[in-house]
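Novice: sequence first, predicted model second:
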Amino acid sequence: MTTVLFTIVSFGIFAGGAQEAAEVEKPELSQMEIVVGALKGPSGFAAAGMLNDNFQPGYNVNAEYILAASPLELVTKMTSGEVDAAFLPVNTAAKLYTKGLGYKLVAVSGIGSLYMLSADRAVTDWA
């Protein structure tokens, strides 16, 4: 008897919360164009599949891909606003990040290794 009463009361409580969800109006996203740069060489290997397939991220984002011969060429295009994102050597990406230009280091490819080399014996850590 107690089990039956408990089941009926529980059903009533849980059924009350099973109302249809109100529809949320989704905002219309405007079309966005981005330019992604990659280097001809080892630093551009991570982008090879994207370049070959002309990968498009979707969500109203169209990507254009360009190739550069040197990191300096790509950095120049980034600082002038011609390129929105780039596949760069780790040392070049780190320099851009530390200059405070608003770029973020998103990923490090190549076995996930990040190396630092210095002749200064006083350098003992990354900070």
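Specialist: Received it, and whenever you're ready, just let me know what you need.
Novice: tally of neighbours for the nearest residue to A86 once chain neighbours are set aside?
Specialist: Excluding its sequence neighbours, the residue lying closest to A86 (CB to CB, 6 or more residues apart in numbering) is G37, at 4.0 Å. Where you see a C-beta, it was placed from the backbone N, CA and C, and this is true even at glycine. A count of neighbours around G37, defined by other CB atoms under 10 Å, yields 23.
Novice: now do the helices in this structure.
Specialist: 2-16, 48-53, 71-80, 90-98 (DSSP state H).
Novice: which of the ones you listed has the lowest average pLDDT?
Specialist: Ranked by mean pLDDT, the helices of the chain end with helix 2-16 in last place, scoring a mean of 55.
Novice: circling back to that earlier point, which ones are touching the residue nearest to A86?
Specialist: Y65, I66, L67, A68, L74, K77, M78, V83, A85, A86, F87 (CB atoms under 8 Å, 6 or more residues apart in numbering).
Novice: so it versus S43, what's the distance?
Specialist: 10 Å (CB to CB, to the nearest Å).
Novice: select only the buried ones of the contacts of G37 in PyMOL?
Specialist: The PyMOL selection below is limited to those of the contacts of G37 classed as buried (16 or more other CB atoms under 10 Å):
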select buried, resi 65+68+74+77+78+83+85+86+87
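Novice: as JSON lines, the contacts of G37 with distance to L96 would be great.
Specialist: JSON lines is the format used below for those (distance: CB to CB, whole Å):
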{"residue": "Y65", "distance to L96": "19"}
{"residue": "I66", "distance to L96": "17"}
{"residue": "L67", "distance to L96": "19"}
{"residue": "A68", "distance to L96": "14"}
{"residue": "L74", "distance to L96": "10"}
{"residue": "K77", "distance to L96": "12"}
{"residue": "M78", "distance to L96": "7"}
{"residue": "V83", "distance to L96": "11"}
{"residue": "A85", "distance to L96": "12"}
{"residue": "A86", "distance to L96": "9"}
{"residue": "F87", "distance to L96": "13"}
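Novice: no further queries at this time; thank you.
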